[in-house]
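1. after the sequence you'll find the predicted model.
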Amino acid sequence: MSPRLSVVVPIYNVERYLPACLDSLAAQTFTDLEVIMVDDGSTDGSAVIAKSYTQRDRRFTLIQQENQGPGPARNLGVSQARGELLAFVDGDDLVHRDAYSSLIGSLDRTGSDLASGGLRRFGNRGVRHSELHRAAFADDRLATHISRFPDLVADRIVWNKVWRRAFWDRAGLAFPAGLYEDIPVALRSHVRARSVDVLSGPVYLWRVRDAGEASITERSGEPANAWDRLAVLREMRAVIAAEAAAALPAFDRFTLEFDLPKLAWAIDASGDAEAAARIREFVGGLDEGAGRDLPAYARLRNHLLGRGLLPELGEVLRFEREAGSAPVRPYGRLRRRWLADYPFLRDTEVAVPDDVYDVTSELALSTRVKDVWWDGDLLCIEGYAYIARIQTKPDDRMRAWAVEGKTGKRQRCVLRRVLAPEATVESGQSAVSHAESGFILEIPVLPRGDWRIVVELSSGGLKRSAPLNRPAAGRASWTPYLNVGVGFRAQAMYDDEGLFVRVRRVRSLVTSVSITPEGLLTVRGWVSAKGEAALIATCGARRIAFPMRREGQIFTAEVPLAKLNTSRTEVFSGGAQWELRIAADDQKITPLVEPSVAEVRWADGGTELAVTRTRYGAAAVVVRPAGLTVTDLRWEYGALVLQGERSPGAPEPAEVVLRCGHDRHRLDVRWSGPAFRIAFDPAALPGPLGAAPLAGGTWELLAVTGDTERPVVLERRLLPVLPPELRAGRRVYRPTYGEGLRLHASRALAADERGPYAQRMLREVDYPRYRTEPVLDAAVFLSGRGATCAGGPRAVFEELRGRGTGLDLVWLSSDDRFVVPEGARVVGTGTREAYRLLARARHVVTDAAPQPWHLPAEGRTWLRTGPGTPLCRPAEAPGAQADVLLSPGSGASALLRAGLGHTGEVLEIGSPANDALFAPDAAARAASVRERLGLPADRRIVLYAPARRAGKTRGSVARFDLRIDLEEARARLGRDHVLLVRAHPGTGGVGLRNDSFVRDVGWYPEMTDLLLIADVLVTDYSSIMFDYVLTGRPMVFHPHDLAGHGKQPGFLLPYEETVPGPVVRGSAELVDALSALDDVAAAHRDAIRAFAARFTAAETGAAARQAADRLLAD
């Protein structure tokens, strides 16, 4: 008998994610299905994993084909599908347990052709709404159509849907080859369906990849991808215009808001005139009024794109990257409007209409709640309120009211103004200050009802009001309550509109909970209701009733917790929460939890069920992965101390780590049975370079068992009272909470140094003033923009220190993580002192260009030792020019001038960092480095150091994308090779697990040391080739994106004719070359010599000495 539903899963190189995806399908509550897996020529272990599922579950089948792309793979799956219903899932995503039950149940009730459900994005940073789809899935809409509900133009994906197969065939649906193959199918489905069911509940979890190759969606800003997107948009606009014209304005609006930015960045990056003409034609055909309600910046960008003004568009995009925010100015008397001072405002030559710059509608009141507490009978609320983009002043008028929701009755609140410098920082803009926007409200106990708290602000000639919103962590979110009179409770709460104060009668209270070892939960308490009653557990659409025993108002209910256990999918996606209600007297009563009732937990397999409370004190059962729960959290002499217990029956984790991106720190754990204690000093964590502070960012605390990493959770009673932030040295550490315990590390900047506005003031006001002051006898060193104390700047520092010049030697540090060398002091980047030193120091030595705000001055020299010789034009525009730029030779000087636009002095002496390659102790140093890295003496060392790639937006950097088949490389090279992977700084890490064959050496500060020990360099376009050539050893070139890179941003020399080594096509050819390295070396020995003579003739090992001579000659 044929299954009712066929689920097609295209698979290509997703071995890391595939088991979780297939598990989520196997666990579906709708069981009458088949899963057709189509392996699209995977080169990893995906096919093996898929085959294992066919052996354990007869509903799974596997088809294999040569790689053709996801569209043809899905079509092949459809051709084999037997079900009357059809669905699609990508192999790196997850499907909610009840997804197909919900979607198919809706189709059965309505008879619609198609059902589509809500979705969430998920990854290492947790689960969040998909903003693209929020409006389309805000509410359930059954038997609707895109012409009646045009917001469905945003529903352009196929994984959140179930089709009737008869409709699929009748509509002639099929996936095209190429990119964005899902958009035509999804939109044609909406257009051609007789009716569509839209379900607001999430059915699908769409992965944000945190490592490895970026997905098509994540590469949508690349020029080649953008042109494919444009072609699809043109095709689909024609379809909608012809078959569902009522949805055309919404399509145009969505295109202008979400697609045009990607096209703008792509056209600016590529400079492709033909593509620009096509975009201009496309934009010109869109509805003129469709984008009128977009923000002014978006309207300006789209206006310039539509007119084909590419130089002006480039300037606007640079403004977005470098400034991002602009002041606003009022214009007009009779019709007062505020215009943003974006580029070309009232420029008569460019002639952009004023309406494009109009931000009047954007000047809304923004509020945030920082803290909530009770002072006796007074509810105190601290927060801030400001009008976006308008400077907040101390004499601005600010008032607040409590407004009862049903009657509209208003009660004035006492409001005291306080300073709130964090308001400016958190606003994320650099144009104005909101430090004067703070307040504390004092609200006496209110009468029974729901009282909305509204703030009104008159500022800059505007008056705006809005409910308080956006709570901070701690008491602002997990608000305290006050018992009022007899049987009433007052508490601040939040809904979609913002904060309100609820004064309500307490109708039920849980006084005790207990769990037997078998998982039988007993809940006791009282309820002020008569007659029959039942305890109802509700989770989304699921509802389970449990009987209650009553003795007057006292009740007892028993709940077999196994009935509340949920699937792995829901647990992974942040867990499930069952809310407990009491059904009595035809009412649903919410039982609150007595404060003395402790959280209790029970484990069922790999799942833990915790009986706890919601943020407003109601009874709940949380279902989550079995793991570690913290029951006490505190600072103790600079260390963060955690105590807690392991879930009953759960295995002891192999390790507990702090993780931020790809960076990890293992923590010491002391066990006493299931109880644990962890204590660590975030300012001095052990690492390969010694103890150092945590790098800036948000660090998750994870328990690791095998390949599974699970957040370490807190008992909910701790959430309102998280420990305060700790200042240690020049850093701040603040415990926070998401899916688990987190620790946010940042720099301890002063109030006038924090945030974009403060930094702009330092750049534009203070730095120019410091520049006019007398020169300081100091030399400032900056390496890796403050991340390291290495490279060329370190070599020049050592030379100057050895000469005893009497100069004040200062290193600038961005995160205080490197060891300050003897004879120097350290100053944090971004501090007032750093700006003062950069402005006044006699010498600045750095491996990067000065910032654009750098101002040359007499008697002060900025010497740039890097960035290495460029073979390509940089993706971003050059910054300010250094006074002196070092070069390894005349051939390289021409490339430096062409690539960097440098017109000043070029000193051809070589790179100071490379002096170590010529040093008499080079061999001994190499042996020491090998020992330090734990590399066997008999292994050949392969150093893989690719160039960075431009990110999705101009000036951003794409994450590291390893294009080496590690399994094949390990099989063929692992016995006598070690692969060192060195990602370009700023790419966010590699995400590799070190083993005997592959090592991530991104943390190692001295690149020259790695060049000393490498037997072969594998690179692509990186300037490191101009340094490694000095060793005379072979190089292999692995440019996996050569075709596109040659156009964006472009080579300065013919690539394949210039590089001194073989250019391989793909991972297999790379492994072939490395396997025959002696032959490669012999074949290219002359090319290496010629390359060195052409570009590095000035390298003699004396660059640091000569650079110091040049500085001291001034």
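-> Here it is on my side, so go on.
2. quick check: next helix or strand after the lowest-mean-pLDDT helix or strand in the chain?
-> Between all helices and strands in the chain, the lowest mean by mean pLDDT, DSSP states H and E belongs to helix 568-572, at a mean of 46. Remark: after helix 568-572, the chain's next helix or strand is strand 576-584, criterion DSSP states H and E.
3. all helices of the stretch 801-950 of the chain, in order?
-> 832-840, 890-900, 915-918, 922-932 (DSSP state H, counting those that start in this stretch).
4. which of the ones you listed sits closest to Arg128?
-> Closest approach to Arg128 among the helices of the stretch 801-950 of the chain is made by helix 832-840 (35.1 Å; CB to CB). Every residue, glycine included, has its C-beta placed from N, CA and C.
5. need the contact partners of that closest one.
-> 750, 752-753, 762-763, 766-768, 770-771, 773-776, 778, 780, 810, 812, 827-828, 844, 854-855, 857, 860 (CB atoms under 8 Å, 6 or more residues apart in numbering).
6. work out the gap between it and the centre of the chain.
-> In this view, helix 832-840 has its centroid 32 Å away from the chain centroid, taken as CA atoms, centre = their mean, to the nearest Å.
7. and Ala473, what does it touch?
-> By CB under 8 Å, 6+ apart, the residues touching Ala473 are Leu719, Leu722, Thr736, Tyr737.
8. okay, now the unreliable bits of the stretch 551-700 of the chain?
-> Applying pLDDT under 70 to the stretch 551-700 of the chain flags the ranges 567-575.
9. now swap in the chain and tell me
-> By pLDDT under 70, the low-scoring segments of the chain are 124-126, 209-224, 567-575, 874-879, 950-959, 986-989, 991, 1043-1049.
10. and the end-to-end length of stretch 976-990?
-> Length of stretch 976-990, first residue to last, CA to CA, to the nearest Å: 23 Å.
11. quick one, phi/psi of Ala882?
-> phi -70, psi 160 (degrees, to the nearest 10).
12. name the nearest of the contacts of Ala473 relative to Gly1061.
-> Distances from Gly1061 to the contacts of Ala473, taken by CB to CB, are shortest for Thr736, at 48.3 Å.
13. can you report how many residues neighbour Arg368?
-> When neighbours are counted by other CB atoms under 10 Å, Arg368 registers 22.
14. so it makes contact with Gly383?
-> Yes - with contacts defined as CB atoms under 8 Å, Arg368 counts as touching Gly383 at a distance of 5.4 Å.
15. partners of the helix or strand encompassing Ala490 in the sheet?
-> If you go by DSSP H and E, Ala490 is part of strand 488-495. Sheet pairing here is set by DSSP bridges, and for strand 488-495 it gives strand 481-484 (antiparallel), strand 498-505 (antiparallel).
16. looking at those, which is buried most?
-> Neighbour counts (mean count of other CB atoms under 10 Å) averaged over each of the strands paired with strand 488-495 peak at strand 498-505, with a mean of 19.
17. from the chain's centroid, how far away is it?
-> 34 Å.
18. ok so, going back, quick check: ChimeraX command selecting the buried ones in the contacts of helix 832-840.
-> The ChimeraX selection below is limited to those of the contacts of helix 832-840 classed as buried (16 or more other CB atoms under 10 Å):
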select :753,762,763,767,770,771,776,778,780,810,812,827,828,844,854,860
